[in-house]
Structure formats: C-alpha cells, structure tokens
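# Sequence first, then the predicted structure, then my questions.
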Amino acid sequence: MGKLFAIVVTVIAIVSATLFALHVWWLPVDISAHGARIDRQLNETMVAAGVLFVVAQLALAWFAWRYGAGPSSRGVKTFPGGATPMVVLAVVLVGFEILTLTFVGSKVWAGIYQSPADPNSLQVEVQAEQFAFYFRYAGPDGRFGAMHPELANDATDNFFGLDPANDTTARDDIVVATLTIPVNRPILLQLHAKDVNHAFYVPELRIQQDFVPGMVIPLHFTATQTGKYEIVCTQLCGLGHYNMRAYVEVIAPDQFDQWLKQKAEQQ
Amino acid sequence: MSEIATPRSFLRTHVFSVDHKVIGKQYLDLALVAVFTGMLLSWLMRFHLAWPETPVPGLGTVAPSGAAGGVMTPEFYLSLMTMHGTIMVFFVLTTAPFAGFGNYFLPIQVGASDMAFPRINMMSFWVTLVAFLVLISAFFVPEGAPLSGWTAYAPLSAVGKDAGPGQGLGQTLWVVSILIFCVAQLLGALNFIVTTLDLRTKGMSLARMPLSTWAWFITSVIGLIAFAVLMPATILLLLDRVAGTSFFIPAGLVISDRLQPHSGGSPLLWQHLFWFFGHPEVYIAILPGFGIVSHILPVFARKPLLGPRVFIACLIAIAFLSYTVWGHHMFLSGMNPFSATLFSIPTLVITIPATIVTLLWIGTVYGARLRFTSAALFCLGFISVFVSGGISGFFLAQPSIDTYLHGTYFVVGHFHFVMGVAAMFGIFAATYFWFPKMYGRMMSETLGKWHFWLTFIGVYCVFMPMHYLGLAGNVRRYSAFTDDYLKPLIPLHRFITVAALFTGAVQLIFLFNVIRSRLRGAPAPANPWQGTTLEWSTSSPPPHDNFGGPPPAVHRGPQEYGAPGAVDHIMQAAP
Amino acid sequence: MTAIGSVAQPSRQGPAQTGVLIGIATIAMSFAALTSALVVRQAASSDWQHFRLPTILYLNTLALITSSGTLEIARRKASRGAGLPWLSLTLGLGLVFVLGQILAWQDLAAQGLFLATSPSSAFFYVFTAWHGVHVLGGVAALSYVGYRMAGGPSGRALPTALGAGALYWHFMAALWICLLAILALRI
C-alpha cells in the first residue's frame, strides 16, 4: 500500500507539473504595456511553486514508500532535529519568497492600479448592465453629457440615459457596443454599472476590474498590438452572465481617427 | 453539568436527545444527506457544462420550468451552483468535521460526561436542521432557488425579484436560512468552548488535550467571532430586501427597466462584512481536518506527531491571521487598491504556519512504522491534496497575479482542493477511524481502500485541470462556454465532467460501506487501532455517561506511541 | 439510573460563568459589526439625515442602570432567601426599559422617521431592536432563575445561575451606554 501510494503521488506530481511547465494550457499572447511584468511575476511564482509542489509530494511519497510497518524489530525514528528544521525551513524559505514576491509584486500592482493615468489618455466611459457592455466617447466637444438613470431606455438605444434635447454636451457623444481604440495610446476607461456588480476582463490585456453600482472606477492601460479581443464579464450578474461580452478592437491610430470622425458624423 | 438521567423513551434516546453522542451522529447524518444533495447538484452542473444541449434523463420531469425537456436554463444552472456552494460550505464542511465529530468526541477526549450545556446542544442541532430545511425549500418555490452564488453579493441579492429568477422568495429563504444557521453555530461554539475550558477531567491540562480537541476548540473560537458578524450582515441584507432600507443598494439602479427605490447604500459594505466572516469560515472548514489528521496519523504511524506544541502554536497563528486577510477576496472589487497590498501581506504570511504544519505531517511519516488502513490512507492523501490546494493559493495571494486569475477556474480549482477535497478527506479519515467507536461495528477495510484509491486519483483528475483552465483565462460561474476563446477548452471540461461523475459514483462505495456496516458490521472492540486517547478507554460505543461512572483521570499526554523500550503505546488514562 | 455529573466533576460555577462570558463576547462582536457598518454607510453617501434622539432614551437608560443596581442587591440578599422581591424589581425595570424603547420608536414614527426613511433612522431602529431583543433574553433567563428561587431553598445551583445572569444583565447595561454614545455621536 505504501509503495502504491508513493507511485501514485509521484505520477500525479510529475504529470501535473509537466503540464504546467510545458504551457499546454497557458495565457494568451500579451498585448499590453504592463503585461510583461505580470507575466514575469506569474512565471517566477510558477517556478517557485512548482519546485515546492514537486519536492513536497515526492518527500511524502518517498517516506510513504520507505516507512511502512516493516519488521517489528525496527523502532520508530524522530525526524532529525525534531520540529526545529521544519520551522526554520518554513520561515526562511517561505519568508524569503513572501518578501520578494510582495516587494516586486506590489510595484507591479501599483503600476497598474495605483498610478495616475497618462494625461493624454483617450477617455472612454464603459457601462455594464445585464447583460451587455456599452462604450461612450466624448465626441468632438470633448465633453461627456450627464447621465440620468431615469431616462435610460435600452429600447431606444439610450443606454447611458442621456438627455440630448436639453444637454448640449450629450448631443455629440458616441455610444457603441464595441470598444474601438488606437494601438499604443494610453486609454482611460471610466467604469460604471447600471444595475448590479459586473466586471471587465480582457485576458490578453492582463487587466480586470469589477464594476460597482454607485461608483465610477477608473481603469487605464495601453494596448501594444492590433487585433480583435474579447471582453468578458467575470462578476456574477444574473442569468445572462455567461453571455455578457463585447469586443475590443485595437486599430492603427489613423484608422481610429477616421473611425471616430465617421461616428461623430452619424450622431 | 446537569444531572441528566439515562433516557428511557425512543424519542428521548434517539431523536430529542441531549446526549452529545446522539447529537454528533445526528449532525453527521444531516451532513451525509447534505453532501449527496450537493454532489448531485454538481453532477448536473458538470454535465451541463460538458454537454449543454444534451437532455439529462428525468430532469425535465423534476424541474419542468428550470430544465424543460431535460436541458437546463442558465438561471437553473446558477441556482444549482448557488445551492451547491451553500449546502457544501455550511451543511457539510461546517457541520461534519466540527459539529459532527467534535460533538461526539470532544467531551470524551477531555474526559467529560457530556457537553457543558446539553439542552442548548440539542437545540443547536435542531436549529441547524431547520436552517437546512428552509434552504432546501427555496428549490420548491415559484421561480426557484437564488442565483447569486453562496457569496450573495449585493445589489444582485438585495433588490429582490427584478434582478432575476430566484431572486425573490428564493433569495429571501436563503438569507433566512443562513440567519438561522448562525444562531445554531453560535450555540454550538458556546458549548465547545465552555466544555473545553471547564469540564476537563483530572490531570487533563490543556497541554495534554488531543490535537483534535485543540483544533475543535480553536475552530469554535474562530466561529464565534465569524458568525457573530455574519448574523447582523444577513439581517441588514434581509431588511434591504423586505423593509425598503438601503444598506447595500446605491441610488440610480435601473434593473429590468425599473428605477430601484433605494439610495445611498454601499455594495462594498456587504463584501467586507461577508468576507470578514467568509475567510475565517474556510479555516473553520479545514482546521478540524488539521486536528483530525494530526490525531489519526500518529496512531497508524505508531509515533507521535512531530512538534505537537509547534502545531498548536501554528493553529493559533492561523486562527488569528484568518481575521486579517479577508480583503484578498476583494483585490479587484473597487476598494482602494492600496488595501490590496495591505491584505496580501498577511495572506502570504499565513503560508508560513500552513507550511510548518504540512512539514510536521510529512516529518511524522519519516521514521514511522505505517499501517496503511483506510483512515491512514486518507490522512496521507489529505497531506498531498492540501499541498496542492495550498500552493495554488500562493498565486492568488498576490494582487498583480490575481489581476489575471481572479474570477477564473484557477480559483475554483484552488478552493475545491482545500475545501472540497482536503476537508472531505479529513471527514473520511475521521469516519473510518471513529466509526467503530460510534457504532460499535467495524467498517469494511476492503471497500475503504477501493474508496480511497479511486477517489484520490479521481479528485486529481477533476480539480488539477481546473488550474490549467484558469491559466487559459476560463471564467468561472458561467453556465455555458460560448466565447470564442473558451470553445477550445470544452474538451478539457468534458474530461473533468467524466472524472467528476466517476468520482461521484465512487462515493456510493463509501455510502454503501457506512450503511451496511451500521447494520451488519463486525462487532468492534474497545480499541481496534490501539489508540491512546480517552475515547479508546471506553467501550464501543461508549455508555450514556461516556465512561460508565466518573471519567478517568489522565496522567500523560495524548500521543505516547513508540515509547522507549518494548512498549508500543501507553494509554492516556493508564495509571 | 446513571446520573451524569458525579463526584469528580468541578463545581457548576465555572461553566455558567464561562458561558455568559462567551455570550458577551459574541454579542459585543455583533455590535462591533453593526457599528462598522454604520460608519461605512454614513461615509458612503450624503443622505445621512441627522435627527435628535428621543428624550425618553435617557429615561430608559436610567431605568436600565437602576435595574443593575437592584439586581446586585437581589444577589446579595439571595443567600438569605430574600432576593426575590429585588429580582422582580429588576425584571420590572427591564421591561420598563424595553417599553420605553418602543415609546422611543413611536416618537420617531410620529416625526415621520421609519426604518426605511433614512440610513440614520434605519440604524437607530436596528441598534435598539437588536439590543432590546437581547435584553428580553436576559429578562427570560432571570425570570426562570426567579421561578426556581420561588420554589424553595436553592442549594448551590441558583446563586451560580443568578451570578451568571447578573453578569449578563450588567453587560446589557454597559453595552447600552456604549450604544447610546454611538447613537448620540453619529445619528
């Protein structure tokens, strides 16, 4: 039994670790300016965790193999040094890991979530609702019209509850269902929710943020590759949660200017 | 200690009993019903994820509106998911290892004849049962059970039926059930703590208490504070739902085209209150398992646990730290991002005592003379799966990495390994170990071993792949995978489903073993495993007052195994 | 008939007292949670409507503090078998407190301040109701003790129960004073 246990644990440990190491299932390509730091943090954690995982499982397996009941003449042995080496190992090894990861990781985190957006950012408002995302650009006047929840009407496409009749700044706002952005330009999103909690997640952008009703939450990033990527909701919001998605289209800057002008003319 | 005589009537002996042993078994039976209910829900969920268009035989008859023709609606899936989480966390993981085995064995292990307040103890079981029935009733109301997850985030859970199917009466029943459960837990924790502090027998100093008792004691303290916070939180949520208050609901919400008549509340407030309870809750789920493994492993290793005092210190450290980390569930919640860094530090620090206890277990296996009984195998398996589950926590504890992994299957894999597997292995080990004592009969070791091997391999096949899914960005709580980037991952989901259905079926071996052994198992001796603690100094099952007279005095610690000389072990109660 | 609680057991003083202390810790924690909810909610939005606390609250406070005093007298007299009248007075004052709290609610209702009117009124009702429910629990427990005392000579069990009950009761008064301060400062 002990030997069987040892074999099973060893196989499990090696197979699992190999599947991680070979990146059989892995993160998609990183298309963000800050993503490389996250990926490095993840890789370093993966290596450290992988080593700890394999060593711990193999140690367990080895001891289970070796220390079956055996002949009755064999007495039990205490681990050399007693509990002290365990405490020391945990404090030193894990402590060191923690210090490093916290020190480096907090900088990575702060760089994304605690730093101010670039003043030249393109600002886009994002509204999450059951079960869609909508995006609003300020239009040629550069100002966003005020939102009036009581005026929101999905049937007439007035998702943001704008009042263009009485509010001049709202007249040229561009409201679309796809987030179109220029590549290599800082983007500042302002996230708000119409009804319940939602979240904004683009795996390739290495960015994620909850929408909280009653709050407007800023989120900034820069996309470094063109292409079309999925935005998915990661905060349970109701029955349509699985189907709540939009696309972010990252296009060349001149194409973006053209797109924006075209959209402005349509308002 | 009340003067309670041996009961005579059937009802007083087996139903409305104040005997902690009966109450413990009642809790275990409730947990058994709950775990198979929860597992059934998970089978339905996994089947739907793998084959969303395939009808499940019979489901259309049982749930004509939620699963017409046997194919479930998205809201039905989410309601199953909500109830699965709620049933498993509350009625299995908080009930079996703690209320079940703890009620049965804590008084015996400290040398008492019953819990400090037997009538309150009986009440705590029946109140738990009422909570369970209220929860289950949500399945049977129009529109069914809630869909907001076991975490019930506001405003989805607070605004009432505008938010979706099941969010009306179903959600209210959920909230009421949890409220009732809090009362039961507080009554139970009260008994555990007072019994441990005041009813230990002569010679049973705190240092000589078995490690399982220590774990139950510390778990009760955690539970006391955690449930004392969940209770007012659920009351405030209930008031938002039925009394028009706005604790958690801000202004200007338009749901189902209706402007909600609330304003000023804070959804984050619910998250803070919930997770202040919720994180210690997961330690309530696992700490008894720590104690149980540390209690059982030495019996089959024939040597004491390495560093028992260090172990106890680590339990206390974990208990204390568990109150400082709740924000790690909220890194991306919209709270001040600087708080994320603050919360991640104790979250990583808690790794240290967790690592120490894992190394103590592994170090106990070193130099042992292991007897590989079913109970022992589940202890060894516990160590392996706890390593797996704990290590994935290492990733999630870092906010920068959580940016990518939050809300993905990586998280699902992590918490299932530590709660759904490790804690369950603790329950299995406890069952195989203590069944002879509780029922006076032996379980089948052959069936036990089959149960272990198939389950051990099965759970790795179910939950390890979830980490790969998470790394690929697979979002959780989805009732179907229709996104472009998720469709290629469906084959892996099918693999998981097959493994889950298989592993679930294997649990029927366990159920069969338990039922058959209760009816026809071989008679059990007083000390089938040659254990030293007080439960082995009395008959199987023990008499009504536990020891057939005054409890014995103890003269030594709980793990005198492998003593020098020719002696294999010395009983705690030996003169 | 096998009786549990045989010779080797320690005295009953311990469990009842410990039990009440645990209960006190739990109840205190629940109010700590409510207090932090109040602080967060007040800061979350500008819709906090300050209002003056009904004057009767202060009279209720006096009743509750006095009842602590009468309970202490009851305890001291109980050993001579003369505690019951003072215990009854205590319970009476406790009920006066609870009735007074209900009158305070009526005062607020007359001003148009109900549970859902504003977050401040909501917390007022929640705090006073949650405290009041626990006071009623104390009344029930001490009533039971009184009922047993009325039944004749008590032996050792009742002074212990009375002592534990008194601990709980004094906590209810002390807790109320803290809650009143919070309400006075915040509402």
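Ah, there it is.
# When you work out contacts or count neighbours from here on, use the C-alpha atoms and nothing else.
OK.
# Now the stretch 251-400 of chain B against chain C: closest residue?
Relative to chain C, the nearest point of the stretch 251-400 of chain B is B:Gly264 (5.0 Å; Cα to the nearest Cα).
# could you say which helix or strand contains that residue?
Per DSSP states H and E: B:Gly264 is located in neither a helix nor a strand.
# Under the pLDDT cut-off, which ranges of chain C? List them.
C:1-13, C:152-156 (pLDDT under 70).
# mind redoing it with 50?
C:1-11 (pLDDT under 50).
# residue boundaries of the helices in it?
C:13-44, C:56-78, C:84-110, C:119-150, C:157-186 (DSSP state H).
# Going by contacts, tell me the helices and strands next to the first one.
Just to be clear, that refers to helix C:13-44. The contact analysis (3 or more Cα pairs under 8 Å, 6 or more residues apart in numbering or on different chains; DSSP states H and E) places helix C:13-44 against helix B:169-198, helix B:211-242, helix B:267-301, helix C:119-150, helix C:157-186.
# For B:Val89, which of the ones you listed is the nearest?
helix B:267-301 (7.6 Å; Cα to Cα).
# is the closest one anywhere near chain A?
Yes - using Cα under 8 Å from any Cα of the partner chain, we find that helix B:267-301 touches chain A at B:267-268.
# on that earlier part again, would CSV of the helices of chain C with mean neighbour count be doable?
Shown next, in CSV, are the helices of chain C (neighbours: other Cα atoms under 10 Å in any protein chain shown):
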stretch, mean neighbour count
helix C:13-44, 19
helix C:56-78, 20
helix C:84-110, 19
helix C:119-150, 19
helix C:157-186, 18
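# give the contact list for the residue of the stretch 251-400 of chain B closest to chain C.
By Cα atoms under 8 Å, 6 or more residues apart in numbering or on different chains, the contact list for B:Gly264 reads B:246-251, C:41, C:44-47.
# Please look at B:Leu268 and B:Asn336 and confirm they touch.
No - B:Leu268 is beyond contact range of B:Asn336, at 11.0 Å (criterion: Cα atoms under 8 Å).
# quick one: the helices in the stretch 1-150 of chain B?
B:10, B:20-50, B:59-62, B:74-86, B:101-110, B:118-137 (DSSP state H, counting those that start in this stretch).
# Comparing these, which comes out most buried?
helix B:101-110 (a mean of 27; mean count of other Cα atoms under 10 Å in any protein chain shown).
# which intervals of the stretch 101-250 of chain A have sub-threshold pLDDT?
Looking at the stretch 101-250 of chain A by pLDDT under 50, you get an empty list.
# ok, B:Phe435 - contacts?
Counted by Cα under 8 Å, 6+ apart, B:Phe435 has contacts B:441-443.
# which among the residues you listed gets closest to chain C?
Distances from chain C to these, taken by Cα to the nearest Cα, are shortest for B:Arg441, at 24.4 Å.
# beta partners of that closest one?
Assessed by DSSP bridges, B:Arg441 has beta-bridge partners B:Pro523.
# B:Asn527 is in contact with that one, correct?
No - using Cα under 8 Å, B:Arg441 is not in contact with B:Asn527; the gap is 11.7 Å.
# These two: which has the busier surroundings?
Ranked by neighbour count (other Cα atoms under 10 Å in any protein chain shown), B:Arg441 and B:Asn527 place B:Arg441 first, with 20 against 17.
# Could you tell me how many residues sit around the closest residue to chain C within the stretch 1-150 of chain A?
Closest contact between the stretch 1-150 of chain A and chain C, by Cα to the nearest Cα, is at A:Pro149 (17.4 Å). Neighbours of A:Pro149 under the rule other Cα under 10 Å: 19.
# in the helix or strand hosting A:Asn43, what's buried?
Under the criterion DSSP H and E, the helix or strand holding A:Asn43 is helix A:35-66. For helix A:35-66, the neighbour count (16 or more other Cα atoms under 10 Å in any protein chain shown) marks A:35, A:37-39, A:41-42, A:45-46, A:49-50, A:52-54, A:56-66 as buried.
# ditto for stretch A:241-260
In stretch A:241-260, counting by 16+ other Cα under 10 Å, buried: A:241-252, A:256, A:260.
# Please apply the same query to stretch B:334-347.
Applying 16+ other Cα under 10 Å to stretch B:334-347 flags B:334-335, B:337, B:340-347 as buried.
# contacting residues for B:Tyr104?
B:20-25.
# pLDDT at it, what is it?
Looking at B:Tyr104, its pLDDT stands at 98.
# gap between the two ends of stretch B:527-547?
14 Å (Cα to Cα, to the nearest Å).
# re earlier: let's see which of the buried residues of stretch B:334-347 end up in helices.
B:337, B:340-347.
# pLDDT averaged over the host helix or strand of B:Met438, what's the number?
Element membership for B:Met438 (DSSP H and E) is helix B:424-439. What helix B:424-439 shows for mean pLDDT is 98.
# which residues does the residue of the stretch 1-150 of chain B found nearest chain A contact?
Using Cα to the nearest Cα, the closest approach of the stretch 1-150 of chain B to chain A is made by B:Glu75 at 4.7 Å. By Cα under 8 Å, 6+ apart, B:Glu75 lies in contact with A:238-239, B:66, B:147, B:165.
# go again using 10 Å as the cut-off
Going by Cα atoms under 10 Å, 6 or more residues apart in numbering or on different chains, B:Glu75 touches A:238-241, B:66-67, B:81, B:143-148, B:164-166, B:479.
# swap in B:Leu447?
B:374, B:509-510, B:512-513.
# doesn't it fall inside a helix?
Yes - with DSSP: H, G, I helix; E, B strand; the rest coil as the criterion, B:Leu447 is part of a helix.
# Model confidence at it, what's the number?
With respect to pLDDT, B:Leu447 has a value of 98.
# what about it, distance to B:Ile356?
33 Å.
# ok, now B:Asp402?
25 Å.
# which residue sits closest to the residue of chain B found nearest chain C in space, ignoring its chain neighbours?
Chain B approaches chain C most closely through B:Thr245 (4.4 Å), counting by Cα to the nearest Cα. Closest residue to B:Thr245 apart from its sequence neighbours, by Cα to Cα, 6 or more residues apart in numbering or on different chains: C:Ala116 at 4.4 Å.
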